[in-house]
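Chemist: this is a predicted model, with the sequence first.
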Protein chains: 2
Amino acid sequence: MAGTELRVGELAQQTGISVRTLHHYDEIGLLSPSRRSEAGYRLYTPNDLVRLQHILALRYLGFGLDEIRHCLIHPDYTLVRVIHLHIQRMQEQIAMQQLLCRRLEALATAFEQTDSVSVTDVTAIVEVIRTMEQYFTPDMLQELEERRKQIGPERIQQVEAEWPRLIAEVRTAIAEGVTPDSPMAQQLARRWMDLVHAFTGGNPQIAQALNTMYQQEPATAQRYGLDDTLFRFIEQAMPATPADEQ
Amino acid sequence: MAGTELRVGELAQQTGISVRTLHHYDEIGLLSPSRRSEAGYRLYTPNDLVRLQHILALRYLGFGLDEIRHCLIHPDYTLVRVIHLHIQRMQEQIAMQQLLCRRLEALATAFEQTDSVSVTDVTAIVEVIRTMEQYFTPDMLQELEERRKQIGPERIQQVEAEWPRLIAEVRTAIAEGVTPDSPMAQQLARRWMDLVHAFTGGNPQIAQALNTMYQQEPATAQRYGLDDTLFRFIEQAMPATPADEQ
DNA sequence: CCTTGACTCTCACGCAACGTGAGGTTGTAG
DNA sequence: CTACAACCTCACGTTGCGTGAGAGTCAAGG
């Protein structure tokens, strides 16, 4: 009977955990040895071993020590519910992490061919991501990200280089008094639409969200040299086209 | 100039974080205000605000405060690498969490129609899961889990109820001196194979892993009343069959 | 001038689950 | 008798703040 009792080191070795962990479980009252030797050594009985195995099984499943204590005290028929709740929590955590991961990937693709990236650059892109997360649904963002991957970095850079040129041209046209119904304006509008299409991929919901964003976020819009005057000009120059914007 | 300086509360409100967080960043030297008022109030300059925005951008991406400090000090061209390393770490974390989640789901399906589950039950199943994770690759485990979902809980329970019956029958047959080449033994072997097939789904790698597991883990095998005598009997009774086992 | 209330300051504990020594005692093998 | 392994009890460190406690500061109202 006495020979079946284990000391910390023995129990630790048998179960594959550290002595410190057993000390900890004793400290917090999760697993206190049934007996102590005269010298104060912890002596664990077979019953203690069984309890430890229960603890380790639950820990293996990712439960916290408090929850484990709860499970060991309370009647068993709540256990299934606890497990399902735990699964739910885990899935929420995974969703959060995946969101984070998508942000990082968006950032990485944004910097795909820039070699020297400053913290300021990162901050700027993060601002854009933050704003976009407010106006686009997670589905849309994933769709955008996937399209970026598909069409390749060269095309993206091409489009992103084209935008400021086009904006400058439109601004010049307005300044020179070009009317929205002139062929010149029509062609600018067509180029505009092409660029928008390259972003939305023809998804009208994304186009709608994009519109809402630029209307609600003049600060973001101004960073790209956009304002209401430009939008109105393009809108007027835009004839009846496949419902892609507006 | 002096009017542009912000006090903690103002800075906190502008950036959407807590005063305590600013105190904390000051404590650890991540963001110390450029100036203090005579009364000791923290006064943040526009430059401090910019630094804070950088910090918050990086925090938004899931970086730790130490890493953020590192990013703010060190030259920018390491930033891209840091981001990619971070993505990798996140993906590893997600993989871990998904592994945990799969364990929990396996547990949940195992208890799908049991209403009262004890911690002892959970411990037993966890032991099985642990053992299986040693012998089956993650791919195999996922395949097994998916098949369990497909074929439904009734069929699973049916199979699991059939096993002990069959094992008992085989044991009886051996005890009664039934020879492996008798029709009786042949039929037992056929039923055996059917049950094995229900588990492996005809995947020879899974069948192989299963075999290895029961050979290496006599402790697990014995819990189901299996031993070498049984295995040899079935093996001998088994005629040439579609290579599904052995 | 004094008080009130909003804002600020500096400690300092708490959380989750142990890791990692520090410094001292016990048990056993040579 | 003496190593040496194994045990004991503190107690701090980790991550990023939350949450008071107790006290000083500043502008406005009585």
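Modeler: Received, thanks.
Chemist: is residue A:159 in contact with residue A:196, as I believe?
Modeler: No. In this structure residue A:159 lies outside contact range of residue A:196 using Cβ atoms under 8 Å: 10.1 Å. C-betas here are computed from N, CA, C, even on glycine.
Chemist: give me the most central residue, chain A.
Modeler: With distances taken as Cα atoms, centre = their mean, residue A:99 lies nearest the centre of chain A, 1.4 Å away.
Chemist: low-confidence stretches in chain A?
Modeler: Chain A contains residues with pLDDT under 70 at A:1-3, A:239-246.
Chemist: break it down into its domains, please.
Modeler: A:2-74, A:130-237 (automatic domain parsing).
Chemist: please identify the buried residues of the helix or strand hosting residue A:192?
Modeler: Assigned by DSSP states H and E, residue A:192 belongs to helix A:183-200. Neighbour counts over helix A:183-200 (16 or more other Cβ atoms under 10 Å in any protein chain shown) mark A:185, A:188, A:189, A:191, A:192, A:193, A:196, A:197, A:198, A:199, A:200 as buried.
Chemist: show me which of the residues you listed is closest to chain B.
Modeler: residue A:199 (22.9 Å; Cβ to the nearest Cβ).
Chemist: count of neighbours near residue A:171?
Modeler: For residue A:171, the count of nearby residues is 16 (other Cβ atoms under 10 Å in any protein chain shown).
Chemist: go on, the one 3 residues further on?
Modeler: Here the count is done by other Cβ under 10 Å, and residue A:174 has 17 residues near it.
Chemist: my guess is it contacts residue A:233, does it?
Modeler: Yes. At 5.6 Å, residue A:174 counts as touching residue A:233 under the criterion of Cβ under 8 Å.
Chemist: which helix or strand contains the nearest residue to residue A:59 once chain neighbours are set aside?
Modeler: Of all residues not flanking residue A:59 in the chain, residue A:68 sits nearest, at 6.5 Å (Cβ to Cβ, 6 or more residues apart in numbering or on different chains). Element membership for residue A:68 (DSSP H and E) is helix A:65-73.
Chemist: show me which residues of that helix are buried.
Modeler: For helix A:65-73, the buried set under the neighbour-count rule, 16+ other Cβ under 10 Å, comprises A:67, A:68, A:69, A:71.
Chemist: verify the stated contact: the third one with residue A:30.
Modeler: In this case it means residue A:69. Yes. With contact defined as Cβ under 8 Å, residue A:69 and residue A:30 form a contacting pair (5.6 Å).
Chemist: re the thing from before, list the helices and strands the helix holding residue A:192 packs on?
Modeler: helix A:138-175, helix A:204-216, helix A:228-237 (3 or more Cβ pairs under 8 Å, 6 or more residues apart in numbering or on different chains; DSSP states H and E).
Chemist: can you check what angle separates the first one from helix A:183-200?
Modeler: Helix A:138-175 and helix A:183-200 are oriented at 160 degrees to each other (axes from the mean of the first three to the mean of the last three Cα atoms, to 10 degrees).
Chemist: could you see whether chain B lies near helix A:138-175?
Modeler: No. On the criterion Cβ under 8 Å from any Cβ of the partner chain, helix A:138-175 is out of touch with chain B, staying 13.1 Å away.
Chemist: could you give the angle of that helix to helix A:204-216?
Modeler: Going by the same axes, to 10 degrees, helix A:138-175 makes 60 degrees with helix A:204-216.
Chemist: ok, back up a step: roughly how far does the residue nearest to residue A:59 sit from residue A:89?
Modeler: Separation of residue A:68 from residue A:89 (Cβ to Cβ, to the nearest Å): 15 Å.
Chemist: now residue A:169
Modeler: Note on residue A:169: its distance to residue A:89, by Cβ to Cβ, is 53 Å.
Chemist: looking at those two, which one has more neighbours?
Modeler: Ranked by neighbour count (other Cβ under 10 Å), residue A:169 and residue A:89 place residue A:169 first, with 15 against 12.
Chemist: how close does the more buried one sit to residue A:119?
Modeler: Separation of residue A:169 from residue A:119 (Cβ to Cβ): 33 Å.
Chemist: please name the nearest non-neighbouring residue to residue A:77.
Modeler: Residue nearest to residue A:77 in three dimensions, not counting chain neighbours: residue B:116, with 4.7 Å by Cβ to Cβ, 6+ apart.
Chemist: and the one you found, how many neighbours does it have?
Modeler: When neighbours are defined as other Cβ under 10 Å, residue B:116 has 12 of them.
Chemist: list just the nearest of the buried residues of helix A:183-200 to DNA strand C.
Modeler: Checking the buried residues of helix A:183-200 against DNA strand C by Cβ to the nearest atom of the strand gives residue A:199 as the nearest, at 41.6 Å.
Chemist: for that closest one, what are its contacts?
Modeler: Contacts here follow Cβ atoms under 8 Å, 6 or more residues apart in numbering or on different chains; on that basis residue A:199 touches A:144, A:159, A:206, A:210.
Chemist: count residues in the vicinity of residue A:129, would you?
Modeler: Residue A:129, neighbours per other Cβ under 10 Å, totals 19.
Chemist: what parts of chain A come near DNA strand C?
Modeler: Contact residues, chain A versus DNA strand C (Cβ under 7 Å from any atom of the strand): A:18, A:20-21, A:24, A:37-41, A:59, A:64-66.
Chemist: and DNA strand D, which of the residues you listed reach it?
Modeler: The residues of the residues of chain A next to DNA strand C that also fall near DNA strand D, by Cβ under 7 Å from any atom of the strand, are A:40, A:41.
Chemist: what about burial for the residues of chain A next to DNA strand C, which qualify?
Modeler: A:21, A:59.
Chemist: tell me which of the residues of chain A next to DNA strand C is nearest to residue B:150?
Modeler: Among the residues of chain A next to DNA strand C, residue A:59 lies closest to residue B:150 (Cβ to Cβ), at 31.0 Å.
Chemist: tell me the secondary structure at the closest one.
Modeler: Classification of residue A:59 using DSSP: H, G, I helix; E, B strand; the rest coil returns helix.
Chemist: touching, it and residue A:66? I think so.
Modeler: No. Look at residue A:59 against residue A:66 with Cβ under 8 Å: they stay out of range, at 11.7 Å.
Chemist: picking that back up, what angle sits between the helix holding residue A:192 and helix A:228-237?
Modeler: Direction vectors for helix A:183-200 and helix A:228-237, defined by the same axes, to 10 degrees, enclose an angle of 100 degrees.
Chemist: would you mind listing what in chain A touches DNA strand D?
Modeler: Residues of chain A lying near DNA strand D (Cβ under 7 Å from any atom of the strand): A:7, A:8, A:9, A:10, A:12, A:19, A:23, A:40, A:41, A:42.
Chemist: need the residues you listed in CSV (columns: distance to residue B:103 and secondary structure).
Modeler: Below are the residues of chain A next to DNA strand D laid out as CSV (distance: Cβ to Cβ, whole Å; DSSP: H, G, I helix; E, B strand; the rest coil):
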residue, distance to residue B:103, secondary structure
A:7, 31, strand
A:8, 28, helix
A:9, 29, helix
A:10, 28, helix
A:12, 24, helix
A:19, 27, helix
A:23, 27, helix
A:40, 38, coil
A:41, 35, coil
A:42, 30, strand
